[in-house]
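> Need coordinates for the following:
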Amino acid sequence: QVQLVESGGGLVQAGDSLRLSCAASGRTYSSGYMGWFRQAPGKEREFVAAISWSGGLLTYSDSVKGRFTISRDNAKNTVYLQMNTLKPEDTAVYYCAVKTGWGDEKKDYNYDYWGQGTQVTVSS
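Numbers count the residues shown, from 1 in each chain. The predicted model follows:
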């Protein structure tokens, strides 16, 4: 089992920045991905970004590319999501997740473990 705890959410204004953190504990894996997804009220959960265990492979959704940066610190078992130039449409609950096996890292059904989420609200 893997436990994931997100932190760093909050209320900010458009154009501001936030950094989300996701601390992992429990069983460790040497392959797969860690990813960030988000879900806005009344909308389906959507992919935001993912990073391979080695950190060498990064994937972003088109809506955040160039504004968000995913990174990881394996020594701390933590993945980060640096969010810059935030927009009101970025408002959502952000979840981190772990994918241990094969499959498209952009699809939430390929992920095995999920955190509880952290709220990000961007005011205009």
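> ok so Tyr109 is a strand residue?
No - counting by DSSP: H, G, I helix; E, B strand; the rest coil, Tyr109 is not part of a strand but helix.
> Let me see the contact set for it.
Tyr109 makes contacts with Gly103, as judged by C-beta atoms under 8 Å, 6 or more residues apart in numbering. C-beta coordinates here come from the backbone N, C-alpha and C atoms, glycine included.
> Ok, the one 5 residues further on next?
Taking C-beta under 8 Å, 6+ apart, we find Trp114 in contact with Leu4, Tyr95, Cys96, Ala97.
> measure it to Val120 for me?
Shown here: Trp114 relative to Val120, a distance of 17 Å by C-beta to C-beta, to the nearest Å.
> Also Asp62?
According to C-beta to C-beta, Asp62 and Val120 sit 19 Å apart.
> Could you check how far the residue nearest to Ser123 when sequence neighbours are not counted is from Lys87?
Computed as C-beta to C-beta, 6 or more residues apart in numbering, the closest residue to Ser123 that is not its neighbour in sequence is Gln13, at 5.4 Å. Using C-beta to C-beta, Gln13 is found at 11 Å from Lys87.
> number of nearby residues for Gly9?
Neighbour count for Gly9, taken as other C-beta atoms under 10 Å: 18.
> doesn't Val93 fall inside a strand?
Yes - according to three-state DSSP, the state of Val93 is that of a strand.
> Report the contact partners of it.
Arg38, Gln39, Ala40, Gly117, Thr118, Gln119, Val120.
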